[in-house]
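Undergrad: Here is a sequence together with a model predicted from it:
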Amino acid sequence: MAVTESAPVPPPAELPTTSPRTPGHEGILRRQSLRESAARTYARSLPIVPVRARGLTIEGADGRRYLDCLAGAGTLALGHNHPVVLEAIRKVLDSGAPLHALDLATPVKDAFTTELFTTLPRPLADHARIQFCSPAGTDAVEAALKLVRTATGRSGLLAFTGAYHGMTAGALDASGGASHARVTRLPYPLNYRCPYGVGGEGGAELAARWTESLLDDPKGGVPAPAGMIVEPVQGEGGVNPAPDSWMRRMREITAARSIPLIADEVQTGVGRTGAFWAVEHSGIVPDVMVLSKAIGGSLPLAVIVYRDDLDVWQPGAHAGTFRGNQLAMAAGTATLAYVRENRLAERAAVLGGRMLARLQGLAADHRSIGDVRGRGLMIGVELVDPEREDPQTGSAAAAPALAIAVQRECLRRGLIVELGGRHSTVVRLLPPLTLTDEQAAAVLDRLADALAAAERATRHRTDAGPSH
């Protein structure tokens, strides 16, 4: 599919668009709720049963079509079932190549590694090693933490408020909700709800200054850090882009103190933010990059890429049975090459800028939109209660009930969105990088309509008062 080729998008006035129902739709959902664990997440807020998908569009077993702005939590850089991905998978299947190869060398792996290194920041790629991990991003985070601890002989870790790095033990320790960990928590700069009450470059400078002061304070209580891990844009934390100047300060601070800098690009990589890798916006070169999601072309794949002088661990120090997913490597090679050759990162920057501008215009007419932010096609809309104040920041209070209502109204209109942020009040848009102008307009039309409907329902409940 060409970058500008339009996929069929039903106009909002015709929603819901339907196809023949798949028998047993309700039964499938019921059996899922009875059989699957209480830890299931997306299935709770998105009660759909996908049966077919292409590009931006999912068709559910109920016969309805949805525009998917979750896209596998950012995994589907090219959308669902892109032809170049399907062709790459078929080629491996038809070749008779092994599908499982542990960490043995294969032509498929060699092609993937070559294409990946082509896209990396050149100063890193020229002196890099790659570690294939078990196929989830959280395992790549674990590998990165083990790597820097082994290389430095230190155990402490520097991480940031609002962070999310995965669900395994070490990754959770580095995430914002950790309660018992050998991690020093540093302030991540926020423009909206800045803890210093400043925001912007001033707030970012204060955050950087606090970091530097804490590390150099002999009474600061900071264990000797093995590394610092940072997301260039916090995704689950509410789509918070780090200022480029602050990222450069973090690089300067860590380099001056021989602290390896780990960039978690699991969700921000492969063109998502308007650069192939989000660190390129600031021009920094991290010591370690954690990569997953889109690098597998929709299939599970996770790696870390790091400076060769950190490569001091022993054979088997970080092993895993499923490090040799040949189908994912083939799909990933095709995806990386397609994004690079078709300049989809640049396209994401342009289209994302237009979408942000329109959403900011929408915010002017809706007091319930507290902030619109993002980078490229990683966009967040924070919803608030304009009648209540957050006593800590002076901003309008968070509105989680409104956010849930907006998500529900979006789904009714055939639009899939996710919620994030500290109080799950940020509506997140992570559409495929192949999104067309027409599709982007349809997404924003439906979101605007859903917001208006949710606001009306919220006002109606408020006006009605408590029931007796």
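TA: Perfect, I can see it now.

Undergrad: Pull the residues that contact stretch 386-402.
TA: Outside stretch 386-402, the residues within contact range by C-beta atoms under 8 Å, 6 or more residues apart in numbering are 192-195, 197, 367-368, 370, 383-385, 421-425, 454-455, 458. (Glycine included, C-beta is placed from N, CA and C.)

Undergrad: Just grab the bridge partners of Arg375 for me.
TA: Taking DSSP bridges, one finds Met378 as the beta-bridge partners of Arg375.

Undergrad: Show me what the top helix by length along the chain packs onto, helices and strands only.
TA: When the chain is parsed with DSSP state H, its longest helix is helix 437-464. When contacts are defined as 3 or more C-beta pairs under 8 Å, 6 or more residues apart in numbering; DSSP states H and E, helix 437-464 packs onto strand 65-68, helix 344-365, helix 400-412, strand 415-416, strand 426-429.

Undergrad: picking up where we left off before, would you mind checking the contacts of stretch 386-402 for buried ones?
TA: With burial judged by 16 or more other C-beta atoms under 10 Å, the buried subset of the contacts of stretch 386-402 is 192-195, 368, 370, 383-385, 421-425, 454-455, 458.

Undergrad: of all the helices and strands packed on helix 437-464, which lies closest to Leu147?
TA: Nearest to Leu147, of all those, is helix 344-365, at 27.2 Å by C-beta to C-beta.

Undergrad: and the closest one, average pLDDT?
TA: For helix 344-365, mean pLDDT is 97.

Undergrad: Name the SS class of Ile295, please.
TA: Of the three states, Ile295 takes helix under DSSP: H, G, I helix; E, B strand; the rest coil.

Undergrad: Can you show me the strands along the stretch 151-300 of the chain?
TA: Counting by DSSP state E, counting those that start in this stretch, the segments of the stretch 151-300 of the chain that form strands are 156-160, 183-186, 225-230, 233-234, 240-241, 261-264, 288-291.

Undergrad: could those be laid out in a markdown table, adding distance to Pro315, mean pLDDT and mean neighbour count?
TA: Output for those, formatted as a markdown table (distance: least, C-beta to C-beta, whole Å; pLDDT from 0 to 100; neighbours: other C-beta atoms under 10 Å):
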| stretch | distance to Pro315 | mean pLDDT | mean neighbour count |
| --- | --- | --- | --- |
| strand 156-160 | 25 | 93 | 24 |
| strand 183-186 | 28 | 88 | 19 |
| strand 225-230 | 21 | 96 | 26 |
| strand 233-234 | 35 | 96 | 25 |
| strand 240-241 | 39 | 96 | 25 |
| strand 261-264 | 22 | 98 | 29 |
| strand 288-291 | 19 | 98 | 28 |
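
Undergrad: got TSV for those, with distance to His318 too?
TA: Below are the strands of the stretch 151-300 of the chain laid out as TSV (distance: least, C-beta to C-beta, whole Å):
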stretch	distance to His318
strand 156-160	16
strand 183-186	20
strand 225-230	15
strand 233-234	26
strand 240-241	30
strand 261-264	14
strand 288-291	13
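
Undergrad: Of all those, which one is nearest Pro107?
TA: Closest approach to Pro107 among these (C-beta to C-beta): strand 288-291, 20.9 Å.

Undergrad: That closest one - contacts with which helices or strands?
TA: Using 3+ C-beta pairs under 8 Å, 6+ apart, the elements in contact with strand 288-291 are helix 137-152, strand 261-264, strand 303-307.

Undergrad: and the next helix or strand after the last one, what does it pack onto?
TA: Stepping forward along the backbone from strand 303-307, the first helix or strand reached (DSSP states H and E) is helix 326-341. Helix 326-341 sits against helix 83-95, helix 107-119, with contacts defined as 3+ C-beta pairs under 8 Å, 6+ apart.

Undergrad: Relative to the whole chain's centre, how far out is the last one?
TA: Here the centre of helix 107-119 is set off from its chain's centre by 23 Å, with C-alpha atoms, centre = their mean, to the nearest Å.

Undergrad: contacts for it?
TA: Residues outside helix 107-119 that contact it (C-beta under 8 Å, 6+ apart): 92, 97, 101, 125, 128, 130, 132, 270, 276-277, 291, 295, 303, 305, 324, 326, 329-330, 332-333, 336-337, 340.

Undergrad: now swap in stretch 79-87 and tell me
TA: With C-beta under 8 Å, 6+ apart, stretch 79-87 has contacts from 1, 7, 53-58, 68, 71, 78, 297-298, 331, 334-335, 338, 432, 434.

Undergrad: Any chance of a PyMOL selection covering the buried ones in those residues?
TA: Applying 16+ other C-beta under 10 Å to the contacts of stretch 79-87, the buried members can be selected in PyMOL as follows:
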select buried, resi 1+7+53+55+56+57+58+68+71+78+297+298+331+334+335+338+432+434
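
Undergrad: so what's the closest residue to Gln326 other than its chain neighbours scoring on pLDDT?
TA: Excluding its sequence neighbours, the residue lying closest to Gln326 (C-beta to C-beta, 6 or more residues apart in numbering) is Val108, at 4.8 Å. Predicted confidence (pLDDT) at Val108: the value is 97.

Undergrad: what do you get for Arg461?
TA: 66.

Undergrad: doesn't His165 make contact with Gln234?
TA: No: assessed by C-beta atoms under 8 Å, Gln234 is found out of contact with His165, at 10.3 Å.

Undergrad: Tell me the spacing between Gly296 and Leu327.
TA: From Gly296 over to Leu327 the distance is 9 Å, taken as C-beta to C-beta, to the nearest Å.

Undergrad: ok, these two, which is more surrounded?
TA: Neighbour count, other C-beta atoms under 10 Å: between Gly296 and Leu327, Gly296 has more, with 27 against 23.

Undergrad: Does that one touch Thr333 like I think?
TA: No: counting by C-beta under 8 Å, Gly296 sits too far from Thr333 to count as a contact (10.0 Å).

Undergrad: Quick one: residues contacting Val290.
TA: Val290 touches 137, 140-141, 144, 165, 229, 262-266, 302, 304, counting by C-beta under 8 Å, 6+ apart.

Undergrad: In TSV, list these along with distance to Lys219.
TA: As requested, the contacts of Val290 are exported to TSV (distance: C-beta to C-beta, whole Å):
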residue	distance to Lys219
Gly137	36
Ala140	35
Val141	30
Ala144	29
His165	29
Ile229	25
Ile262	27
Ala263	30
Asp264	30
Glu265	35
Val266	35
Ala302	39
Ile304	34
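
Undergrad: which secondary element of the protein has the worst mean pLDDT?
TA: Across the helices and strands of the chain, mean pLDDT, DSSP states H and E gives its lowest value to helix 169-173, namely a mean of 65.

Undergrad: need the helices for the stretch 151-300 of the chain, in chain order.
TA: 169-173, 200-216, 244-256 (DSSP state H, counting those that start in this stretch).

Undergrad: Next, format the ones you listed as TSV and append mean neighbour count.
TA: Converted to TSV, the helices of the stretch 151-300 of the chain look like this (neighbours: other C-beta atoms under 10 Å):
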stretch	mean neighbour count
helix 169-173	19
helix 200-216	17
helix 244-256	18
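
Undergrad: do you know which of these lies nearest Ala442?
TA: helix 244-256 (31.9 Å).
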